[in-house]
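1. Coordinates for the following, if possible.
(3 chains)
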Amino acid sequence: MNFEVIIGIEIHCELKTNTKMFSSAPLSFAATPNTCTNEIDLGMPGTLPCVNKEAVRSAVKACLATNCEVDRLIRFDRKNYYYSDLPKGFQITQQFYPIGSNGSVTIQTDEGEKVVRLNRIHMEEDTAKQFHTDEGTMIDFNRAGTPLIEIVSEPDMRNGKEAAAYVEEIRKTLYYLGVSDVRMEEGSLRCDVNISLRPYGSDVLGAKAEIKNLNSIANVQRAIEYEMKRQNEILLAGGTVSQATLRFDEATRQTVEMRKKEGAVDYKYFPEPNIFPIRIDDEMMQDIIDNMPELPKERYETYISTYELSDYDANTLVANKELSDFFNETVAHTKEYKLVANWLLGDVSAYLNKNGLQIQESKLAPIELASMINMVANKEISSKQAKEVFEGIVEGKTAKAVVKEKGMEQLSDPNAILALINQALDANPQSIEDFKNGKDRAVGFLVGQVMKLSKGQANPGLTNKLLVEELNKR
Amino acid sequence: MEKNKAYFRKLANQIMIDLSDDEIEILQKEFEVTLRKMDLLDKINTDDVKEMVYPFELETHFLREDEIENVISQQEALENAPEVKDGQILVPKVVK
Amino acid sequence: MRIQDFKNKDIHELVDLQARLVSANEKLNAVVSFCDVDAQIKDYKMKEDAPLFGTPVVLKDNISTKGVRTTASSRILDNYVPFYDATVVKKLRDAGAIFTCKSAMDELGMGGTGLNAYTGKVNNPYDLERITGGSSSGSAALVAAGLTPLAIGTDTGDSVRKPAAYCGIVGVKPTYGRISRYGVIPYASSLDHVGYFTTNIEDAALALEVMAGRDDQDMTSSYKEVEAYASLLNGDLKGKKIGIITNVIDAIVDPRFRPSFDAFTKKLEEKGTILEMVTIDQDLMNALLPTYFIISNAEATANHSNLDGIRFGMREPGEDLNEIMINSRTKGFSSDVRNRFVIGSYSLFVENQDKIFRKAQKVRRVIVEAVDEALKNYDVLLAPAAGTLAPKPDDSYGEDLNNTFMVAENHMLLGNFSGYPSITVPYDMVDGMPVAINLLARAFDEQTMFNVAKGIEDVTGLAGITKEDF
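-> All right, here's what the predicted structure looks like:
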């Protein structure tokens, strides 16, 4: 790149509370149109907003998880404009006093760790949904009033990969907090990217392109990479980049202009007169802090230090919360942490992918995975046998049941083993001679014979021990 | 500060309103009056005075419990709507 | 007409009263929609000890009534029927009220004359040519005409207390947040109060007990306990300290005023009231009206952005969304209201807010501090409620009159800026027209306010006065 790329990202996250930000109507997803509203969501005359406690708690959690300073005095403002999806003709938001400010998240880049600073986190409400047809635009107010938190980064990112890593880090954090489904494809996480170029060494920001409606993290990266090149070429040719609002065309993998940004719109922000400032008291704050769920990086640290997993394994597990939860449940029943990680990231993941399942949808139980792994560790079954057992436990069977069913129950009775040992010894007098002549591999051979006789079920350790004793007797 | 008719018409259109020429003339006059009346406000010293947004400046603690209470039927939601289609409010296609 | 008149009556008699109301409205033009009194009587299940048992109540047409057309006297809401009730409506109904009609008002509350209703001029029962004042015009007219003992209104810039003066009745604006605003079509949210009219103080005290109280749906509503205002009513004026606002007295030019007022204050002193003159900074008093217009126009513009013809109300045709909104709002609002919206919008632009909107909000604080200072030594402040008798429409006190004289017309804004409770009480008749005083008390000190008002009422003997032969 001949120019420095400055990227800032605004993320809107739909909270999964029970009710709307300012009314007690339920949230909806794919429900019949206009069945999840009330007079407040419709902006009927005379209605007043009523702030949702759980939305505030969720916003505070997001602030705590991203190192933001929390403004404990909650204040709202009006953002005024006219549009068919905006029932009141203004959106209630937090312009002047966002609930969170000066935060940060850490991402992994090719050059190592990088801190991306957050400018603010604030609460606001969502607009209605519109469906455009040739006969007109139809408006469904089910979504109107859904609580949103908006997370605004500083323009700290420098390329598409960093941007993707940032969005992923935010997504993962919000998911671990349990405050949102954060599915970009469903709209519960939305990303707008601001990107501009400037000469290296300059501290003046160039003309900004805003890329909206990105529906996946992969597209965030692709859109940025395309736009970076596009702006770079314009500037190299001596042209100027004009401020614009763009969308990303998935088919052509190019950014396309939506409309020229006509300078800033004046939203006439002023404080919301119908909501007195609300103070989050110490008790509520402490309650939120005490009940903070474990965050991705905390879990990662535990995986590295307590469970001694590799960096790769730890990261891969943490990236999928449900898989990671499963890991946590499994290691409650076994100390073979590395084996558990291997199984989950290997055979289990392969099975899930093949069958198009998420782990929480499968019938595999953590305790059974642990049980199977313990049997392998104790050499009660071999690794090869374990794969067969896996096929059973993934159907919901218990490990012990499968082992029994497949006749893999290990022979551990010393007398039974002794009987087989004597059988093997009687059949192989030459090996006894070899042993007496100091050839240790005779032991291995004889153990193999006992295993054959027992159809692989004799406990190898015990067999070895008893065999040597017996050899010494003979 | 001479603000011509076009300026006021634009102001009005921004808030989804139109004004006839006669109405704009009246508005221009009222505007002048308002600006003159600002002198009366400017007479009041407000250095170091914070805006009064609410009549009482008590901090409140109340937050609504996140429980579903008030939902209306689709019929109620739409009964005042001038135009409806497929259970939704209908407007001319919004050009993006 | 009093609330207690209805306690022992057969509620079926309300049908006759309703007929009288319909007939009287031909002359008063105070009603937008009549309610179905027969249906309410049929379904009536209240016990006789209900505070408003069998009481007919009028509602200003900016108060949402489920299933009953609510227009705020604006054309854009001419066909609007709410599917929910305002909290105050629920409270009144639960106390036994039977609603008789939705009364006319200055459009969206933006006016002080009663000339700006979509249904036309509301007439003053004392002289049908004269105005009632506004914006709670119809509510005032109907109480003054003896057609209802209780009528609900709203007071943003004296819109209950001024018409009460012009119509010779009691007009109450309680403390901000005392009565829930949920369901009340707003004008300026930080100045709006639900208020009401009665013919006497005892009814006024009772009505507040019914309507006041915390409503979680209104996050500005107060948690303060609702006192038993009526049973604690005490009209003993002995030792009560009243500060008379000189700025208002000095601003009144009508020569008939002084003798009447002096006679009145003499009666108060005879009852042991301690009256003193108190003066508020004249510059602040002159700034009341412009401060009010700036704050109220700005808040109103934003509040009424939902009136766009899309989800409800009168939608005008258009080729695209913008045209529909512009056509609907242009046809739907009067010229006056549209002008005020434009000015309101202008004052909120980023480059103007500091100089205009925020400046006005700062001046508001200075004003309220002056009120606090003035009230410091008194139980209540007192001033004539209006500077003139109820005017005729052609009487204008436009820009010709000096600001100083406007003070007499606008001083009740002190109650809206501060949120403190305020009541208008008639005290005399002058040439056949009522004149009234206005009291301003401390926040949530309605008891003191009612008590002094009761003392005044006892002294003037004007309790229950109505003008029924119009």
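
2. what bits of the stretch 201-350 of chain A have low per-residue confidence?
-> Across the stretch 201-350 of chain A, the ranges flagged by pLDDT under 70 are A:259-263.

3. Which residues of it lie near chain B?
-> Residues of the stretch 201-350 of chain A lying close to chain B by CB under 8 Å from any CB of the partner chain are A:Met258, A:Arg259, A:Pro271, A:Pro273, A:Phe276, A:Pro277, A:Ile278, A:Arg279, A:Asp281. (C-beta placed from N, C-alpha, C; glycine too.)

4. Looking at these, which one is closest to chain C?
-> Nearest to chain C among these is A:Pro273, at 3.8 Å by CB to the nearest CB.

5. Shouldn't the closest one be within a helix?
-> No: according to DSSP: H, G, I helix; E, B strand; the rest coil, A:Pro273 belongs to no helix; its state is coil.

6. give the contact list for residue 28.
-> No chain specified, so I'll use chain A. By CB atoms under 8 Å, 6 or more residues apart in numbering or on different chains, the residues touching A:Ser28 are A:Thr35, A:Cys36, A:Asn142, A:Arg143.

7. Switch to chain C, please.
-> Contact analysis of C:Leu28 by CB under 8 Å, 6+ apart lists C:Val122, C:Asn123, C:Pro125, C:Leu128, C:Gly138, C:Ala141, C:Leu142, C:Ala145, C:Phe470.

8. still on that earlier bit, just the buried ones among the residues of the stretch 201-350 of chain A next to chain B, please.
-> For those, a burial check counting by 16 or more other CB atoms under 10 Å in any protein chain shown picks out A:Pro271, A:Pro273, A:Phe276, A:Pro277, A:Ile278.

9. Now do residue 100, the pLDDT please.
-> No chain was given, so I picked chain A. A:Gly100 is assigned a predicted lDDT (pLDDT) of 98.

10. Wait, chain C was what I had in mind.
-> Taking C:Thr100 on its own, its pLDDT is 98.

11. same check, this time on A:Tyr97
-> Here, the pLDDT recorded for A:Tyr97 equals 98.

12. Need the three-state assignment for it.
-> coil.

13. For it, give me its contacts.
-> A:Asp71, A:Leu73, A:Ile74, A:Arg75.

14. repeat that for 6 Å
-> The contact partners of A:Tyr97, by CB atoms under 6 Å, 6 or more residues apart in numbering or on different chains, come to A:Asp71, A:Arg75.

15. for A:Gly46, same thing?
-> By CB under 6 Å, 6+ apart, the contact set of A:Gly46 is C:Ser64, C:Gly183, C:Val184, C:Ile185.

16. May I have the phi/psi pair for the most centrally placed residue in chain C?
-> What sits nearest the mean C-alpha location of chain C, by CA atoms, centre = their mean, is C:Val160, with 1.6 Å. The phi and psi values for C:Val160, taken as degrees, to the nearest 10, are phi -110, psi -50.

17. From the contacts of A:Ser28, pick the one nearest chain B.
-> A:Thr35 (5.0 Å).

18. Count the neighbours of the closest one for me.
-> Other residues near A:Thr35 number 19, with proximity taken as other CB atoms under 10 Å in any protein chain shown.

19. Please enumerate the helices of the stretch 201-350 of chain C.
-> With helices called from DSSP state H, counting those that start in this stretch, the stretch 201-350 of chain C shows them at C:201-211, C:246-251, C:257-270, C:282-303, C:321-332, C:335-348, C:350-353.

20. How about chain B?
-> When assigned using DSSP state H, the helices of chain B occupy the ranges B:5-14, B:21-42, B:74-78.

21. just to revisit the earlier point, just send the residues of the stretch 201-350 of chain A next to chain B back as CSV, with secondary structure too.
-> Listed next are these as CSV, based on three-state DSSP:
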residue, secondary structure
A:Met258, strand
A:Arg259, strand
A:Pro271, strand
A:Pro273, coil
A:Phe276, coil
A:Pro277, coil
A:Ile278, strand
A:Arg279, strand
A:Asp281, coil
